[in-house]
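Asker: Give me coordinates for this.
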Amino acid sequence: MARPPVAKLMDYGKFKYESAVKAREARKNQAQTVIKEMKLRPKIDVHDYETKKGHVVRFLREGDKVKITIMFRGREQSRPEMGARLLQRLAEDVVDLGFVESAPKLDGRNMIMVLGPHKKKADFRAERAAGRAHDDHDLAHALLTEHAPSPAAPPPARAAVPRPAAAAAPEVEQPVSDAPLVEEATVVDAATPPPTKTAAKAAAPKVPTPRAPAKAPAKAAAPKAPPKPRAPAAKKVSQPADGAETPA
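Answerer: Numbering: from 1, shown residues only. Modelled structure (predicted):
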């Protein structure tokens, strides 16, 4: 409402985008309260009641509201005080986690009561995140402590082992001769080239290689036996014809 009015030029598309981003972040951090429902019967057993109460405790710890419904069937509708006592008992059992937000009231054949949590859901989420971070830190510390290398003790010093002394070689007396020592001088002619390998082989005397002894002659053949005399062949006798006279 200034005089003159103050105006600001801005990008309308950018303004809409930033507004949408802010709204999204606000919804992300906003915890929505969910109403859970738990149904009971007036003549519920003790163990079933403990199980149902455990679910109610879990819902209240997570920051959710719980709607308790007592269902009446048949002649149970004439005894609504049974449902009221059961709801009162449940409210007293979870008084540390929640409070009675809506008193028990009869709705047709059902009796309804609403329990509200003492703790907000956003606080529960923050505590759970902090607890997880603490647990992860403790777990990491425990793993590092478990798998940390233990300080290695220095190895014991090894005792020096005395080495055996080397046996002294026996001294051998060299014969001493009275003849004067004469040094032989080798005269090398610089003009003469050194002998080659071929010349050295040719100059080397040939040593006859001993031959292996000849193989022993094969065994002499045994003398053949003289041929056996043959029996004289029998002379053939002509048979006389029928009617011929045989000589006497």
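
Asker: buried sites along whichever strand or helix holds residue 22?
Answerer: Assigning secondary structure by DSSP states H and E places residue 22 in helix 12-29. In terms of neighbour count (16 or more other C-beta atoms under 10 Å), helix 12-29 has no buried residues at all. Bear in mind the C-beta positions are built from the backbone N, C-alpha and C, glycine included.

Asker: Stretch 116-135 now?
Answerer: Neighbour-count burial for stretch 116-135 flags 116, 117, 121, 124 (criterion: 16+ other C-beta under 10 Å).

Asker: Throw those into TSV and include pLDDT, distance to residue 22 and secondary structure, thanks.
Answerer: Below are the buried residues of stretch 116-135 laid out as TSV (pLDDT from 0 to 100; distance: C-beta to C-beta, whole Å; DSSP: H, G, I helix; E, B strand; the rest coil):
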residue	pLDDT	distance to residue 22	secondary structure
116	91	30	strand
117	90	29	strand
121	76	22	helix
124	77	25	helix
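
Asker: With distance to residue 13 as added columns, please give those residues in JSON lines.
Answerer: JSON lines is the format used below for these (distance: C-beta to C-beta, whole Å):
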{"residue": "116", "distance to residue 13": "44"}
{"residue": "117", "distance to residue 13": "43"}
{"residue": "121", "distance to residue 13": "35"}
{"residue": "124", "distance to residue 13": "39"}
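
Asker: and which of those is nearest residue 145?
Answerer: Of all those, residue 145 sits closest to residue 124, with 31.1 Å by C-beta to C-beta.

Asker: quick one on the thing from earlier: out of the buried residues of stretch 116-135, who's nearest residue 24?
Answerer: For these, the residue nearest residue 24 by C-beta to C-beta is residue 121; the value is 19.0 Å.

Asker: need the contact list for that closest one.
Answerer: Residue 121 makes contacts with 31, 32, 33, 62, 63, 64, as judged by C-beta atoms under 8 Å, 6 or more residues apart in numbering.

Asker: In the sheet, which residues pair with residue 117? Tell me.
Answerer: With beta bridges defined as DSSP bridges, residue 117 has these partners: residue 98.
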